[in-house]
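K.L.:
This is a predicted model, with the sequence first.
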Amino acid sequence: MGKNDIFFNDVEVGYKIKDLIKSPINETQLVMYAGASGDFNPIHTVHAFGKKAGFGGVIGHGMLTMGFVGQFITNWVGVKSLKKLAVQFKAITKPKDVITVSGEVTKKYSFEEENRVDCEIIAKNQNNEIVIAGSATVALP
Amino acid sequence: MIDKRVIGKKYKVSSFEIENGKIRELARAIGDNNPVFYNKDAAAKDGYAGLALPPTFATVFALAGGLMTVVKDLKIDMAKLLHGGQEYQYFAEIKPGDSVSGETEITGVIEKSGKGGIMDLVIMETTYYNQDNKKVLCDKCTLVVKR
């Protein structure tokens, strides 16, 4: 998947990376993510705590959504090519949210004898609200 | 509020060993079915020394290593804590069997007003090294603490 089949000469500024549309976030997934990551903040798994915090129930881990962004970029170029991944969390996620990740190439350049490409990445929910604004730098053959 | 005098404070991050089971568990929780995270042969075919790590795997080191120590030390209320931003820079491959460790430094405390009122942003930076003392990853994490 992805890996070495994308070349520097194949992409131009404005190149659109294939969207990633995730299955709806669900509560079981939040429990799985808590266990896998070690983030046991009860805001993600205990409804009463999420209510008390003013969210009306549990909210998704920001890092889960960043995980979707990681999936989006590694589907495209693989893991090894990735040099930098940065996100800002713009909105919370909740169970049943459907997250779509999209992005495009914003810059091509050479750095320390590598061909590098910068990308802008956006993750939105089903209401078209931005949940993550991010960027990635990848090295391409 | 967070006292600005914590800027420059350092915390040792305990050593964390990368295991196949943890890699698969994280990829499964994300819902990422890329075989390089599950199957050694698939990973080898793509040139990895063992299973590849999802790009956000470093969150596992951070949480196992000492992020909660910082949260407790700064007396942050979990109900008022949000993750504001996260940045990773990747310098070298991390593979199963490796042990990573490092040191976290608080590099900024910034007061900011947002839609939820006044908040403190706490910026923490951690550089991780593997067992051969090779720099593998930099982690810059921004926590948002509502007042």
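P.N.:
Yep, that arrived. Numbers count the residues shown, from 1 in each chain, chains lettered A, B, ... in the order given.
K.L.:
would you list every one of the helices in chain A?
P.N.:
For chain A, the helices defined by DSSP state H cover A:27-37, A:47-52, A:62-77.
K.L.:
Of the ones you listed, flag the one that's most buried.
P.N.:
Mean neighbour counts were compared across those using mean count of other CB atoms under 10 Å in any protein chain shown; the top stretch is helix A:62-77, at a mean of 25. (Each C-beta comes from the backbone N, C-alpha and C, glycine too.)
K.L.:
Quick one, which of the helices of chain A gets closest to B:A44.
P.N.:
Each of the helices of chain A has some distance to B:A44 by CB to CB; the shortest is helix A:62-77, at 16.6 Å.
K.L.:
In terms of secondary structure, what does the closest one contact?
P.N.:
Judged by 3 or more CB pairs under 8 Å, 6 or more residues apart in numbering or on different chains; DSSP states H and E, helix A:62-77 is in contact with strand A:16-21, helix A:27-37, strand A:82-89, strand A:100-111, strand A:114-124, strand A:130-140, helix B:20-30, strand B:81-90.
K.L.:
now the helices of chain A in TSV, with mean pLDDT?
P.N.:
TSV is the format used below for the helices of chain A (pLDDT from 0 to 100):
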stretch	mean pLDDT
helix A:27-37	98
helix A:47-52	94
helix A:62-77	97
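K.L.:
I'd like to know which of these is closest to A:I6.
P.N.:
Counting by CB to CB, A:I6 lies closest to helix A:62-77 out of the helices of chain A; the figure is 5.4 Å.
K.L.:
quick one, that closest one and strand B:81-90 angle?
P.N.:
Using axes from the mean of the first three to the mean of the last three CA atoms, to 10 degrees, the inter-axis angle of helix A:62-77 relative to strand B:81-90 is 30 degrees.
K.L.:
Does the lowest-mean-pLDDT helix or strand in chain A reach chain B?
P.N.:
When each helix and strand of chain A is scored by mean pLDDT, DSSP states H and E, helix A:47-52 comes last, with a mean of 94. Yes. Contact between helix A:47-52 and chain B, assessed by CB under 8 Å from any CB of the partner chain, occurs at A:49, A:52.
K.L.:
which residues sit against that helix?
P.N.:
Helix A:47-52 is contacted by residues A:42-44, A:56-59, B:79 when judged by CB atoms under 8 Å, 6 or more residues apart in numbering or on different chains.
K.L.:
Could you identify the buried members of those?
P.N.:
Neighbour counting by 16 or more other CB atoms under 10 Å in any protein chain shown classes A:42-44, A:58-59 among the contacts of helix A:47-52 as buried.
K.L.:
is it possible to export the residues you listed to TSV including pLDDT and distance to B:Y88?
P.N.:
Listed next are the buried ones among the contacts of helix A:47-52 as TSV, based on pLDDT from 0 to 100; distance: CB to CB, whole Å:
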residue	pLDDT	distance to B:Y88
A:P42	94	26
A:I43	94	23
A:H44	96	21
A:V58	97	26
A:I59	97	22
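K.L.:
between the residues you listed, which is closest to B:Q89?
P.N.:
Nearest to B:Q89 out of the buried ones among the contacts of helix A:47-52 is A:H44 (CB to CB; 26.4 Å).
K.L.:
Help me confirm that the closest one comes into contact with A:Y33.
P.N.:
Yes. Under the criterion of CB atoms under 8 Å, A:H44 makes contact with A:Y33 at 7.4 Å.
K.L.:
Spell out which residues are contacts of both of these two.
P.N.:
Residues within reach of A:H44 and of A:Y33 at once, by CB under 8 Å, 6+ apart, are A:60-61.
K.L.:
At the contact with chain A, which residues of chain B appear?
P.N.:
B:22, B:25-26, B:28-32, B:34-36, B:46-48, B:52-56, B:59-60, B:63-64, B:78-90, B:93, B:140.
K.L.:
and the gap between the most centrally placed residue in chain A and B:K112?
P.N.:
Among the residues of chain A, the one closest to the centroid is A:V69, at 1.6 Å (CA atoms, centre = their mean). Distance, A:V69 to B:K112, using CB to CB, to the nearest Å: 23 Å.
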